[in-house]
Each structure stands twice: as structure tokens, then as C-alpha cells.
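Visitor: A structural model of the following input is requested.
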Amino acid sequence: MQPRASYFQVAVPLPVDKLFTYTAPPSMIDKVRIGKRVRAPFGRRKLVGYIVGLLNEADIPPAGIKEVLEVIDDEPVITAELLKLSQWMAGHYICPWGMALKAMLPATGFRPPKSPKPPPGKTAPAISPDPSTFNSPILLPQTLREAFAESLTSRSHLLPYLLYAPAKYRWEAYLQIIAQAVDADLQALVLLPELPLVLQFWERCTARFGSKAALLHGELSPTMRYREWQQILQGKAAIAVGTRCAVFAPLSRPGVIIIDDEHHKAYKEGQTPKYHAREVGLARAELAGVPLILGSATPSIESFYKAKEGEYQLCEVDAPRQVSPRAQSSPQVCGQEYQIHAGYGFEEYKSEIKLPEIKLVDMRSDQGAHGTGSKSPGPEAPKRQGGHPKAQTGGHLSVTLLQAIEKRLDKGKTSLLIIQRRGYAS
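Guide: This is a model prediction of the structure:
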């Protein structure tokens, strides 16, 4: 229980790197606690600020201290752990403390709804676990399984793990890790880069663990957002699944943090504070003393380098070999031999994939490239009847590419060209 104080420090979400001292009317002073939001006068404006400290004595003349207009929350919405994390963000990303705190909470409509309880007889039924989802042949690496079990009991922080495996193996490994945390009465936080992936993984969690999974993303309505946040804060939800913003989920009993597709650019926030969810997740795991699991089939250069240098622990998932009916009846598929064995790791997975040949074309010397004065002779661009003039003379496409497309067209096959633009307007 926090001591009662006559004055308190408030961080405001403005580009001002300082705290402001306020007091509260006698009717509100008992509600003042660190981690709550207040509505306070700020010059000619009224702002929502965050209580970050209590003062027994004013640090400025009392005559100049204003009273807050409202204590918004009944209970703190920012935990002590998130308060420390926000301080780290303010220093690491060079932004005011108040703006870091604002980034942690949903943008709009984050307050108790007028009718938080459903009408009698219309309570949503609890989701029961599906026992058929419990038996999975995919096994965690023994080193990860043992180290993770030890961290749950001793609450000792481990080096971050880089789970280097295909998505279908990673997801099952995550579910097994989450199960260990739930069995230890701890909470798990899972981040995925895009909303469709979040919804898919949340559905798997509800199938495996029932109503213990909460959902956090920007598309939720204000009422749903507040309800899910409170479920996590009160410890009723053992699993929090969401997009980048879910890295600030108010876990009351953190047990593990999982970031899937850790290389994805969607984890980078474009507005101030311009944080990266992977970096914030790493800092949060260190502050809370819980393991961090990074997963990817194509890790970022930074993460893979740190794994090679020993800053992260690199591990792979062991899984049974998936063999098609054709592979079972034939010793060769696509010219490659398949052998059934009990353990199937990522190295075997990679060895079965024939990667495409990549050719880098220098547009400065490729004859027929648009706007070039090539000095060296090269192959003539293919000319198809009825085609676009630029396509016949090279245009923005190299002759090498046009010839490759020509060969595909002669065989009745299609080609896919990807340009560095989003959408279909142009």
C-alpha cells in the first residue's frame, strides 16, 4: 500500500523533459497512487498526465501548485515494472517520460465503460480447452526445456534464445513453453508482427488453454481494449497475445516473453517514441528477470550475429518428419531422397529446399536498359507483337529479364514481377 501524500509528481505527454508537481482536493487525495492517470490543468489546457512519484513536502512554493481536476483510474493502470520500463525507454530513445508512458496505454477510449457488466443471462460462456490439441510430436530442445524450467522456479534471467526454425514448428514450441509458464501460475506474453497472425495464434491458444488468453491490438473497440487490459492486469488472463503494442501488456506475474518473426519491420514504431518492440521486449525481460524467446526462420542480421557471438543462445526445434503419401511409396521426390527418422531439425529442413538461382544485373551495362548508353555489346531485346514499346526496347527492364520472361511465355507459364511499391494503384 502506497503512503498518503499531499503532493505528487506528474509526467505529461508533451515534449517537455521535466515532471510537474500537483496536489488534489481533499475529496480526491486518498485516490492518489503511483501509476494512475489524472486530468490536470496545464496552462490554458487540460491534459491527461501520469502520477510517477509522491511527495510529502512540496518542491516549489505551495501557492504555485495547482489541483488536479480528476483522478481517472480506480486502480493503477501502469505497474511498477512498466514504470521502470518507461524510464528506460525515455533514456534509450531520448524522449520525455510522459510520452513514453503515453505509448504504453491504448490511444483512445481507455477508461471503464459505462456498463462494464453484461446483462443477466447474457454472460459470454467460458472457452474450454480442447484435449485433442495437447498431444504434439514437436519437442523443445532439451537445453531450452531444462533452462526454461529452471528460470521459472529460480526467477533467474537467462540469455535470450533465438529459435531458428520454420513457423509451424515455432508455434508449437511456443505453446509448449506457454504451458510450462501457465502450470507455474505465471503469465506469458506473445508478440506477432501482423493482425492475421495474431488472430491465428490466439485461436490456437484458446483451443489449448481455454479462456486464459487475452488479445491486444489496435483494432479492438475501446470497451474490448479496456476489458482485455484489465483481464491481464488483474491476472485473470495467463496469456497475452498481440501486435507491437502488446509489448506493454500489464503482466502482474510475468513468466516469459515471446517475439515471433523477430526480424519483421512491423515491430518498429514510426511515431515518438520510435521504439522497436524487440528492443523493448529485451529490456523488459531483463527488468523482470524472465526469459525472452525470439523466433524466426530468417533472423535479423543483428540477432543472428549476437547468437553466433554468444550473446543469444541459438537453438532449433526437433520435430518428426512430415512425409507425403507419394514420398512413402517412392524413394525419391523431385530428385531428392527422403528418409524417415525420429528427429527433424531445421538443418534437415533447409537441405530439402532447392533455393532459386539469384542473378544480379547491372543496368548500366545491360544493352536495352532505359536511358543507358551501353558501350559493350549485348543481346538484343526480344520483340513480341502487340507489346508495349518500352517492353520491346528494354525500357525500365533489363534485356536479361525480358529474355527470361520470353522463355516463360513460350512455355505457357507466368512470371511475377515485384516492385518496391505498396498497393495496386500504380
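Visitor: what stretches of the stretch 301-426 of the chain score poorly on pLDDT?
Guide: 317-355, 367-395, 423-426 (pLDDT under 70).
Visitor: do that again at 80, thanks
Guide: In the prediction, the stretch 301-426 of the chain carries residues with pLDDT under 80 at positions 316-356, 366-396, 419-426.
Visitor: what about the longest helix in this protein?
Guide: Assignment by DSSP state H gives helix 167-183 as the longest helix of the chain.
Visitor: for that helix, packing partners?
Guide: Helices and strands touching helix 167-183, by 3 or more CB pairs under 8 Å, 6 or more residues apart in numbering; DSSP states H and E, are helix 142-154, strand 187-191, helix 195-209, strand 254-260, strand 292-296. (C-beta placed from N, C-alpha, C; glycine too.)
Visitor: and it, what's buried?
Guide: By neighbour count on 16 or more other CB atoms under 10 Å, the buried set for helix 167-183 is 169-178, 180-182.
Visitor: and the helix or strand harbouring Tyr50, what does it pack against?
Guide: Following DSSP states H and E, one finds Tyr50 within strand 45-55. Other helices and strands packing on strand 45-55, by 3+ CB pairs under 8 Å, 6+ apart, are strand 7-11, strand 20-23, strand 37-42, helix 97-104.
Visitor: mind redoing it with 10 Å?
Guide: On a contact count with 3 or more CB pairs under 10 Å, 6 or more residues apart in numbering; DSSP states H and E, strand 45-55 meets strand 7-11, strand 20-23, strand 37-42, strand 70-71, helix 80-92, helix 97-104.
Visitor: ok so, going back, can I get the helices and strands packed on helix 167-183 in JSON lines with distance to His396, mean pLDDT and mean neighbour count?
Guide: JSON lines is the format used below for the helices and strands packed on helix 167-183 (distance: least, CB to CB, whole Å; pLDDT from 0 to 100; neighbours: other CB atoms under 10 Å):
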{"stretch": "helix 142-154", "distance to His396": "48", "mean pLDDT": "71", "mean neighbour count": "15"}
{"stretch": "strand 187-191", "distance to His396": "39", "mean pLDDT": "97", "mean neighbour count": "28"}
{"stretch": "helix 195-209", "distance to His396": "33", "mean pLDDT": "94", "mean neighbour count": "18"}
{"stretch": "strand 254-260", "distance to His396": "37", "mean pLDDT": "95", "mean neighbour count": "26"}
{"stretch": "strand 292-296", "distance to His396": "33", "mean pLDDT": "94", "mean neighbour count": "25"}
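Visitor: re the thing from before, could you pull up the mean pLDDT of the strand holding Tyr50?
Guide: Average pLDDT, strand 45-55: 95.
Visitor: paired strands for that strand, with orientation please.
Guide: strand 7-11 (antiparallel), strand 37-42 (antiparallel) (DSSP bridges).
Visitor: circling back to that earlier point, most tightly surrounded among the helices and strands packed on strand 45-55?
Guide: helix 97-104 (a mean of 24; mean count of other CB atoms under 10 Å).
Visitor: packing partners of it?
Guide: strand 7-11, strand 45-55, helix 80-92.
Visitor: which helices and strands sit right next to the longest one?
Guide: Right, helix 80-92. strand 7-11, strand 45-55, helix 97-104, helix 277-288.
Visitor: related to what we said a few turns ago, next, the angle helix 80-92 makes with the strand holding Tyr50.
Guide: Counting by axes from the mean of the first three to the mean of the last three CA atoms, to 10 degrees, strand 45-55 points 110 degrees away from the direction of helix 80-92.
Visitor: and the angle from strand 45-55 to helix 97-104?
Guide: 100 degrees.
Visitor: can you point out the buried residues in strand 45-55?
Guide: Using 16+ other CB under 10 Å as the test for burial, strand 45-55 gives Leu47, Val48, Gly49, Tyr50, Ile51, Val52, Leu54.
Visitor: now stretch 266-274
Guide: For stretch 266-274, using 16+ other CB under 10 Å, the buried residues are Tyr267, Glu269, Thr272, Pro273.
Visitor: Glu57: which element?
Guide: Using DSSP H and E, no helix or strand contains Glu57.
Visitor: so what's the residue lying closest to it once chain neighbours are set aside bridging to?
Guide: Closest residue to Glu57 apart from its sequence neighbours, by CB to CB, 6 or more residues apart in numbering: Tyr7 at 7.2 Å. Under DSSP bridges, the beta-bridge partners of Tyr7 are Thr23, Leu55.
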